[in-house]
Structures are given as structure tokens and as C-alpha cells.
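> What shape does this take:
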Amino acid sequence: MNIQTKAIEAIGIINEKNELILDEPLPLLGPTRVRVLILVPNHEDLKEDEWLRTVTKNPVFNFLKEPAEDIYKVSDGSPFQD
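The predicted structure follows:
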């Protein structure tokens, strides 16, 4: 049997429960079976832009988007000069 496949690249994290959490939804309609290939970096440190992208898309941080969490204004504090 000849089964045609297509590849979709997605980035995500594996959390402390060993669950794969993708940064963005997959462009597929489900339910459907898939075959998953996981590529793990050789080093433990993520680049800052990868870490920031993952954190901003992870639903665990959605509470920070609530109006009650927006407690600071641009006029608060003073500029930091190093």
C-alpha cells in the first residue's frame, strides 16, 4: 500500500508531565492519525527568541492577558540608565 504523506513543521515544548505543547495550532482538521518525529536540540539552552515565543504562546500564561493583571502604566517608575 502506497500512503502519501506531507510534512508540517511545528515548534513546541515538552512540559514536566512529558506532554508535547505546540506553540501554535496545527493547520489540520481532526481527528486524524499522525506520525510524529521529535527533534531535540543538542544543547539545553534555548535561544532567547525561541524561549520568548514559547512563553507568549503557552496557554498557562493566558491569565496575564486579563485586565486585572495590567497594573502598570507607561508613566509609572523612572527610566533605567545603566
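> buried ones in the helix or strand bottoming out on mean pLDDT in the chain?
Sorting the helices and strands of the chain by mean pLDDT, DSSP states H and E puts helix 48-57 at the bottom, at a mean of 79. For helix 48-57, a neighbour-count test (16 or more other Cβ atoms under 10 Å) marks Thr54, Lys57 as buried. Quick note: C-beta positions are derived from backbone N, CA and C, even for glycine.
> what's that helix in contact with?
By Cβ atoms under 8 Å, 6 or more residues apart in numbering, the residues outside helix 48-57 that reach it are Ile11, Gly12, Ile13, Asp23, Glu24, Leu46, Phe61.
> try stretch 13-27
Outside stretch 13-27, the residues that reach it (Cβ under 8 Å, 6+ apart) are Ile8, Ala10, Ile11, Gly12, Val36, Ile38, Arg53, Thr54, Lys57, Asn58.
> hmm, which of those residues are the buried ones?
The buried subset of the contacts of stretch 13-27 (16+ other Cβ under 10 Å) comprises Thr54, Lys57.
> The contacts of stretch 13-27 into CSV, with extra columns for distance to Lys65?
Output for the contacts of stretch 13-27, formatted as CSV (distance: Cβ to Cβ, whole Å):
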residue, distance to Lys65
Ile8, 27
Ala10, 22
Ile11, 21
Gly12, 20
Val36, 29
Ile38, 29
Arg53, 16
Thr54, 16
Lys57, 12
Asn58, 12
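> ok so, going back, want to throw the contacts of helix 48-57 into CSV with distance to Tyr72 and secondary structure?
Rendered in CSV, the data for those read as follows (distance: Cβ to Cβ, whole Å; DSSP: H, G, I helix; E, B strand; the rest coil):
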residue, distance to Tyr72, secondary structure
Ile11, 30, coil
Gly12, 30, strand
Ile13, 28, strand
Asp23, 26, coil
Glu24, 28, coil
Leu46, 27, coil
Phe61, 17, helix
